[in-house]
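Enquirer: Okay, sequence plus prediction incoming.
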Amino acid sequence: MSPPGRGSGKRACRPANTANVLAVFTRTRPLRCTRCRMRRRGGSMSSRTLRKTLELLLESSSRVVELQLFGGEPLLEPGLVRQAVRLAGAASKRGRQVRVALTTNGVLLDDKTADFLVD
């Protein structure tokens with residue numbers, strides 16, 4: 001049996017009425033994985049751009065919104081990751097369901113960061 005989203009014909013984890021933004025935090029990556037298609041040019045997303053991205057996402061009429069933290073390796077920008085989680089939490093307290101997804105290879109994931117993300 002295939003897991004949801006992989007040939008089963010079912011959508012994986014995301015409700016149908018979900019607005020989604022893929023935010024590229026940085027193009028930098030700690031490894032040179034052969035399957036990674038991220039080019040190594042450019043800098044990192046600014047705090048201002050992150051705030052504007054979430055504001056734009058929250059303008060959606062969708063009942064659920066999702067901010068995907070992506071990159072190279074988003075954990076190379078721990079301050080931005082923390083800011084994204086805090087902004088999403090504040091928006092959730094105002095009645096919106098805001099989900100944050102983090103794509104990482106886990107190399108930079110330490111106990112402190114994992115604890116923060118779980119909470």
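Expert: Yep, that arrived.

Enquirer: Please name the nearest non-neighbouring residue to Leu56.
Expert: Leaving aside its chain neighbours, Leu56 sits nearest to Val21 (7.3 Å; criterion: CB to CB, 6 or more residues apart in numbering). Yep, even glycine has a C-beta here, placed from its N, CA and C like the rest.

Enquirer: Tell me where this protein has helices.
Expert: With DSSP state H as the criterion, the chain has helices at 47-58, 78-93, 111-118.

Enquirer: Tell me which of these lies nearest to Arg32.
Expert: Closest to Arg32 of the helices of the chain is helix 78-93 (CB to CB; 21.4 Å).

Enquirer: The closest one packs against which elements?
Expert: Under the contact criterion of 3 or more CB pairs under 8 Å, 6 or more residues apart in numbering; DSSP states H and E, helix 78-93 touches strand 18-26, helix 47-58, strand 64-71, strand 97-102, helix 111-118.

Enquirer: Please work out which of those is packed deepest.
Expert: Mean neighbour count (mean count of other CB atoms under 10 Å) peaks for strand 64-71 among these, with a mean of 21.

Enquirer: List the contacts of it.
Expert: Strand 64-71 is contacted by residues 14-15, 17-29, 38, 53-54, 57-58, 77, 80-81, 84, 88, 96-103 when judged by CB atoms under 8 Å, 6 or more residues apart in numbering.

Enquirer: swap the cut-off to 6 Å and go again
Expert: By CB atoms under 6 Å, 6 or more residues apart in numbering, the residues outside strand 64-71 that reach it are 15, 18-26, 57, 84, 97-103.

Enquirer: just to revisit the earlier point, using a markdown table, lay out the helices of the chain together with distance to Gln68 and mean pLDDT.
Expert: A markdown table is the format used below for these (distance: least, CB to CB, whole Å; pLDDT from 0 to 100):
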| stretch | distance to Gln68 | mean pLDDT |
| --- | --- | --- |
| helix 47-58 | 10 | 90 |
| helix 78-93 | 10 | 88 |
| helix 111-118 | 14 | 86 |
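
Enquirer: okay, those helices in JSON lines with distance to Gly72 next?
Expert: As requested, those are exported to JSON lines (distance: least, CB to CB, whole Å):
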{"stretch": "helix 47-58", "distance to Gly72": "16"}
{"stretch": "helix 78-93", "distance to Gly72": "12"}
{"stretch": "helix 111-118", "distance to Gly72": "16"}
